[in-house]
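K.L.:
my questions concern the predicted model and sequence given below.
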Amino acid sequence: MAEYEFDVAPSFAEEDRDRVLPIVERLKDLGVNVFYDEDRQVEMWGVDLVEYFSETFSSRARFVLLFSSQHYVSAWARVQRRAAQARALEEHTEYLLPIRIDDTPVPGLLPTIAYLDVRKHSDEVIAQAVVQKLAQHRASFTPTTPITKQSVAALVREKPRGWEYLLYVTVVSQGLAELEVKYREHFLRYAPRNGEVEHGSGIDLIRSRNVLLSEIIKVAVESVFTADTQEAAFGAPGEAGDPTRIVHLGELFVRTFDEILEWARRIHATSYALEPARYAARIQARFADQQLQAMHAVAQDLRRVADTLVERLTAGEQINMTVPLVFEVDPALELEFKAALEQLSR
C-alpha cells in the first residue's frame, strides 16, 4: 500500500476558501492530516507554484477533495484539477472525492461519479465521510482485493462503514469474474462435447433435468438466501456482521450461479441422435437464462453500490444488505418447450 505525506488535499477556488475552511478545520480536529496551502507558506516561499501544486495534487496526498463551483473552473484551480485527474486516470481507482458547492459541471468529471454536497450535507457529515474513506484505505480493501484471512482481518480491524457489504461484494464479484467465460458461452449456446450421447427421445433425461434445476433453485430460495441466513451474516440492524459467514454466503451465491451454469452446460455438451430430442434439450437449457441474468445483474448492482459505499452511507442513504434473487422462466419459453415435448411424444 502506497504511503502518502498527507491524507487529503482540498482543491478549491480562492473565492470558496471561506466555505471550505470549516471542513478543513473539522478534518484536522478528527486527526486527518490535511494539506492546506495557508499552513505551508514557508514551504511554498520562492518555489514555482505551478510545479509545487502539480506535485502535491498528483502524488503527495491519498485523496483530493475537489470542491466544485462556478469559480473552480478558473485558470489557477485548473492546475490543481488537472494534476489530480491525471493521477486518477493513471491509477484507475478512487482518488478524487468531489464535493459540490453549486451545480457547475467540472470538465473531465463524469456525471456518474458520486458527490457530496455542502448544500445538503453538513460539514460534520462531509468530514466523517473522509474519515471513513481513510479507514477503508487503511484496510487496503476494494472489490478486487484477494480474499485472505489477512485481508479480511484488516478490513474488520478498520471497520469502515458498510464493511460487511464491501466484503460480500468482493467475494461475489471475484467469484463471478472467474465464471465470466462460462457465462458468455452459455448465451452462445456452446459447451465442449462431454462424450455423452442420447440415442432415444431423451424424455426421461429431460424430466430428470427439470427436477434437478428445480432442486437447485429450491435450495437457494428456501435454505441459502433466506432473511434469517442473511441477518446471521450481515447482522441485525445496529449490529456488526460475521465476516466468516459473509464470506461463506458470498461463496454460496457464486456456487449456486455455477451450479445453474453447469446444469445448462451439460445439456449443450451432450450429443443427441434424434434432432427433435436435441431441439427440446436446447430449449430446456434456456430455462437457465433468466436465473443467470438475474443473479448477474444483482452482482453488478452490488458492485456499483460498493464503489461509492462510503459516500452513500455517510450521506444517509439506506443500503439494502439483502440479496434479491429472481428465479423465473419466460412463459413463452415454457410454451415452446411444451410444444417440443409433445413433438417428441408422437
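P.N.:
Perfect, thanks for sending it. Numbers count the residues shown, from 1 in each chain.
K.L.:
helix, strand or coil: sort out Phe141 for me.
P.N.:
Assigned state for Phe141: coil (three-state reduction, DSSP: H, G, I helix; E, B strand; the rest coil).
K.L.:
that one against Ala153, yeah?
P.N.:
No. With contacts counted by C-beta atoms under 8 Å, Phe141 stays clear of Ala153, the gap being 10.4 Å. C-betas here are computed from N, CA, C, even on glycine.
K.L.:
compare these two (neighbour count), which wins?
P.N.:
For Phe141 versus Ala153, the count of surrounding residues by other C-beta atoms under 10 Å is larger for Phe141: 22 against 12.
K.L.:
which strand or helix spans the residue nearest to the more buried one when sequence neighbours are not counted?
P.N.:
Nearest-residue entry for Phe141: Leu155, 4.4 Å, with adjacent residues in sequence omitted and distances by C-beta to C-beta, 6 or more residues apart in numbering. Leu155 belongs to helix 149-158 when assigned by DSSP states H and E.
K.L.:
contacting residues around that helix?
P.N.:
Ala135, Gln136, Arg138, Ala139, Ser140, Phe141, Thr145, Trp163, Leu166, Leu167, Pro243, Val247 (C-beta atoms under 8 Å, 6 or more residues apart in numbering).
K.L.:
again with stretch 4-17
P.N.:
If you take C-beta under 8 Å, 6+ apart as the criterion, stretch 4-17 is touched by 20, 23-24, 27, 32-36, 56-57, 60-67, 69, 71-72, 74, 76-77, 80-81, 84, 97, 101, 130, 134.
K.L.:
give the PyMOL command for selecting the buried subset of those residues.
P.N.:
A single PyMOL command is used to select the members of the contacts of stretch 4-17 judged buried by 16 or more other C-beta atoms under 10 Å:
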select buried, resi 20+23+24+27+32+34+35+36+56+57+61+62+63+64+65+66+67+69+71+72+77+80+81+84+97+101+130+134
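K.L.:
and the strands in the stretch 101-250 of the chain, which stretches?
P.N.:
Using DSSP state E, counting those that start in this stretch, the strands of the stretch 101-250 of the chain run over residues 116-117, 197-198.
K.L.:
which stretch in those strands has the least confidence?
P.N.:
Least confident of the strands of the stretch 101-250 of the chain, judged by mean pLDDT, is strand 116-117 with a mean of 90.
K.L.:
what is that strand packed up against?
P.N.:
Contacting strand 116-117 under the criterion 3 or more C-beta pairs under 8 Å, 6 or more residues apart in numbering; DSSP states H and E are the following elements: strand 96-100, helix 123-139.
K.L.:
how about a cut-off of 10 Å?
P.N.:
In this structure, strand 116-117 packs against strand 96-100, helix 123-139, helix 309-314, with contacts taken as 3 or more C-beta pairs under 10 Å, 6 or more residues apart in numbering; DSSP states H and E.
K.L.:
Val329 is in contact with Asp289, correct?
P.N.:
Yes. With contact taken as C-beta atoms under 10 Å, Asp289 and Val329 are classed as touching, separated by 8.6 Å.
K.L.:
where does the stretch 51-200 of the chain have low pLDDT?
P.N.:
The stretch 51-200 of the chain contains residues with pLDDT under 70 at 74-94, 108-112.
K.L.:
try it again at 80.
P.N.:
54, 57-58, 73-95, 106-114, 136-144, 161 (pLDDT under 80).
K.L.:
what segments of it are helices?
P.N.:
Taking DSSP state H, counting those that start in this stretch, the helices of the stretch 51-200 of the chain run over residues 75-91, 123-139, 149-158, 163-178, 180-187.
K.L.:
taking helix 180-187 as reference, get the angle to the fourth one.
P.N.:
To tie it back to what came earlier, the one meant is helix 163-178. Computed by axes from the mean of the first three to the mean of the last three C-alpha atoms, to 10 degrees, the angle separating helix 163-178 from helix 180-187 equals 60 degrees.
K.L.:
just the CA coordinates of helix 163-178, formatted as CSV?
P.N.:
Output for helix 163-178, consisting of C-alpha atoms alone and laid out as CSV, is shown next (Å, rounded to 0.1, in the frame of the first residue of the first chain):
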residue,chain,number,x,y,z
TRP,A,163,-17.5,-3.1,5.6
GLU,A,164,-19.9,-6.1,5.6
TYR,A,165,-21.4,-5.1,2.3
LEU,A,166,-17.9,-4.5,0.8
LEU,A,167,-16.7,-7.9,1.9
TYR,A,168,-19.7,-9.7,0.4
VAL,A,169,-19.5,-7.8,-2.9
THR,A,170,-15.8,-8.6,-3.2
VAL,A,171,-16.5,-12.4,-2.7
VAL,A,172,-19.3,-12.3,-5.3
SER,A,173,-17.5,-10.1,-7.8
GLN,A,174,-14.4,-12.1,-7.8
GLY,A,175,-16.3,-15.4,-8.0
LEU,A,176,-18.4,-14.3,-10.9
ALA,A,177,-15.4,-12.9,-12.7
GLU,A,178,-13.9,-16.3,-12.8
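K.L.:
which of the residues in it are buried?
P.N.:
Those would be 163-176, for helix 163-178 by 16+ other C-beta under 10 Å.
K.L.:
I appreciate the help and will end here.
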